[in-house]
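1. Can you look at this prediction? I've put the sequence above it.
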Amino acid sequence: MNNELTFKLKSTAFDESYQPSDGTRLTTNFANLARGRYRQANLRNALTMINNRFNALANWDNTQGNRYSVELEIISVEMNIQGSRDSFPTIEILKTLIVDHKTDKRIEGIVGNNFSSYVRDYDFSIRLQEHNKNQPKFSIPNDFGELHGKLFQHFVNSNTYQQNFHKLPVICISVSDSKTYQQTENHHPILGIEYQPNGSSLTEQYFKKMGLQVRYFMPPNSVAPLAFYFFGDLLNDYSNLELISTICTMETFQKIYRPEIYNANATAGKSYRPDLKNLDHSLTQIVYDREERSQLASEQGKFTEETLIKPYQTVLDQFTASYV
């Protein structure tokens, strides 16, 4: 059954010239930046922020603070269903590549980082809302996230993934504003201070079905912890430069999209509750349309329902039931 679902990859450079293709999932962080009259300035400023942050964290043997730069590649994953001529866009992730200008080496970074998914749009924007329509109390369907989680694991275990990437993905996203995070005694030289939440969030449960575990760290000179989702051992499976490539990239995106949390003027303390209504924050010089992004999530959830879920319900149900 698993052989009926196969994957192919498309790669696009995320640089000053980047323009989203027609097939790009427009709610991704990078696509949102690359539209409108400020697109080129947006892209240039975001890339400058990423490079500056990388050099600030990789500060050994880097007296001028310009030894490294980061190149980003958008990886679009399409799924093919056997017997169908159509391929369906399923996932977009981001791959980092580190350029060491001192040694002229190009060093592979981490794949994953940003994570966007059409099936996740369907789950959260369509299925969860339908399930709770006219219900007195919010609840989650029993099998919520099962299909998405198994599709993701199928991709990571596929020949396509293993032929293109040498390490398992790490996804880095915002903390939940519904949880309180407590500082621990654990301190990593690159990832920073570890935090622990007071409970499991819906996002954490959803990612767990993808096979991912999570840890929360606030890197040096950051103002809030980030959520790192990973397989294996986050602290020992990746080099310092690999971890820095993820921190500098995703912290930059979060400063743009969640300035109330990640560009706040006060640093998270021993007990920290993220607040999206926090007025004491600074804005970057980058234009972003948050409202448009949430509308697109709903539109793309409907697109997924009409072009994947409904037409291939039987195949997908069989895959979910049989996948181990």
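-> Cool, got the structure. Residues are numbered from 1 along each chain as shown.
2. Only C-alpha atoms from now on, for both contacts and neighbour counts.
-> Noted.
3. Does Val99 touch Asn66 like I think?
-> No - with contacts counted by Cα atoms under 8 Å, Val99 stays clear of Asn66, the gap being 10.7 Å.
4. Quick check: neighbours shared by those two?
-> By the contact definition Cα atoms under 8 Å, 6 or more residues apart in numbering, Val99 and Asn66 are jointly contacted by no residue.
5. What are the neighbouring residues in contact with the residue nearest to Arg53 when sequence neighbours are not counted?
-> Spatially, and ignoring its direct neighbours in sequence, Arg53 is nearest to Cys248 (5.3 Å; Cα to Cα, 6 or more residues apart in numbering). For Cys248, the contacting residues are 49-51, 53-54, taking Cα under 8 Å, 6+ apart as the criterion.
6. Check Asn240 too.
-> Applying Cα under 8 Å, 6+ apart as the definition, the contact partners of Asn240 turn out to be Ile190.
7. From Asn114, how far out is it?
-> The gap separating Asn240 from Asn114 is 19 Å, by Cα to Cα, to the nearest Å.
8. ok so, going back, surely the residue nearest to Arg53 is in a strand?
-> No - counting by DSSP: H, G, I helix; E, B strand; the rest coil, Cys248 falls outside a strand, being helix.
9. So what touches the one helix or strand Asn80 maps to?
-> Take DSSP states H and E as the rule and Asn80 turns out to sit in strand 68-81. Residues from elsewhere that reach strand 68-81, judged by Cα under 8 Å, 6+ apart: 4-15, 24, 50-51, 54-55, 86-101, 245.
10. for stretch 116-123, same thing?
-> 25, 27-28, 89-93, 144-145, 148, 297-298, 300-302, 304-305.
11. cool, and stretch 90-99?
-> Outside of stretch 90-99, the residues that reach it under the criterion Cα under 8 Å, 6+ apart are 25, 28, 68-79, 105-119, 241, 245-246.
12. Could you do stretch 187-194 as well?
-> Taking Cα under 8 Å, 6+ apart as the criterion, the residues outside stretch 187-194 that touch it are 57, 183-186, 215-220, 225, 240, 243-244, 247.
13. Just the buried residues of it, please?
-> For stretch 187-194, burial by neighbour count (16 or more other Cα atoms under 10 Å) applies to 187, 190-194.
14. between these, which is nearest Gly269?
-> For Gly269, the closest of those turns out to be Ile193, at 10.7 Å, with distances computed as Cα to Cα.
15. returning to what we had before: what subset of the contacts of strand 68-81 is buried?
-> Applying the neighbour count, that is 16+ other Cα under 10 Å, the buried entries in the contacts of strand 68-81 are 5-7, 9, 14-15, 50-51, 54-55, 87-99, 245.
16. In helices, which of those appear?
-> Within the buried ones among the contacts of strand 68-81, residues falling in helices by DSSP state H are 50-51, 54-55, 245.
17. tell me which element the residue sitting nearest the centre point of the chain falls in.
-> The C-alpha lying nearest the average C-alpha coordinate of the chain belongs to Asn114 (Cα atoms, centre = their mean; 2.5 Å). In this assignment (DSSP H and E), Asn114 forms part of strand 105-117.
18. What strands line up against that strand, and which way round?
-> Strand pairing for strand 105-117, using DSSP bridges, gives strand 87-100 (antiparallel), strand 170-174 (parallel).
19. before we move on, the earlier item: neighbouring strands of the strand holding Asn80 in the sheet, and parallel or not?
-> When sheet partners are counted by DSSP bridges, strand 68-81 sits next to strand 5-14 (antiparallel), strand 87-100 (antiparallel).
20. Please convert those to JSON lines, extending it with distance to Ser174 and mean pLDDT.
-> Formatted as JSON lines, the strands paired with strand 68-81 follow (distance: least, Cα to Cα, whole Å; pLDDT from 0 to 100):
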{"stretch": "strand 5-14", "distance to Ser174": "21", "mean pLDDT": "91"}
{"stretch": "strand 87-100", "distance to Ser174": "16", "mean pLDDT": "94"}
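21. Can you add distance to Gln313 and give the ones you listed back as CSV?
-> Compiled in CSV, these are given as follows (distance: least, Cα to Cα, whole Å):
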stretch, distance to Gln313
strand 5-14, 13
strand 87-100, 14
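22. for the residue nearest to Tyr229 when sequence neighbours are not counted, what are its contacts?
-> The shortest distance from Tyr229 to any non-neighbouring residue, by Cα to Cα, 6+ apart, is to Val214 (4.4 Å). Contacts for Val214 (Cα under 8 Å, 6+ apart) come out as 204, 227-230.
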